[in-house]
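Novice: can't give you the sequence, but here's the structure:
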């Protein structure tokens, strides 16, 4: 039996602030354009695997991972 068969729904808890930042990430954006508070929230989203930081040349881009939000 696989894990997917055991777990029918999987939800990662997010705060209201995290949801607001996720809404801003409809496309890749430079990490430096965010406020210090948003950068702190982005770091927590990276730990939760909801957001990825990608190096593109000299820029660090922030990209939302494919998730369904409720």
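Specialist: Yep, that arrived. In this text the structure is predicted, and so the values were computed from the model without any measurement.

Novice: Run through who's touching the helix or strand where residue 53 lies.
Specialist: Residue 53 belongs to strand 51-56 when assigned by DSSP states H and E. Residues from elsewhere that reach strand 51-56, judged by CB atoms under 8 Å, 6 or more residues apart in numbering: 22, 25, 28, 31, 42, 45-46, 60-65. In short, each C-beta sits where N, CA and C put it, glycine included.

Novice: so how far is residue 45 from the residue sitting nearest the centre point of the chain?
Specialist: For the chain, the residue nearest the mean C-alpha position is residue 51 (2.5 Å; CA atoms, centre = their mean). Separation of residue 51 from residue 45 (CB to CB, to the nearest Å): 4 Å.

Novice: go on, residue 33?
Specialist: 16 Å.

Novice: do residue 60 as well
Specialist: From residue 60 to residue 45 the distance is 14 Å (CB to CB).

Novice: Neighbour count: those two, which is higher?
Specialist: Remark: of residue 60 and residue 45, residue 45 carries more neighbours, 21 against 12, as counted by other CB atoms under 10 Å.
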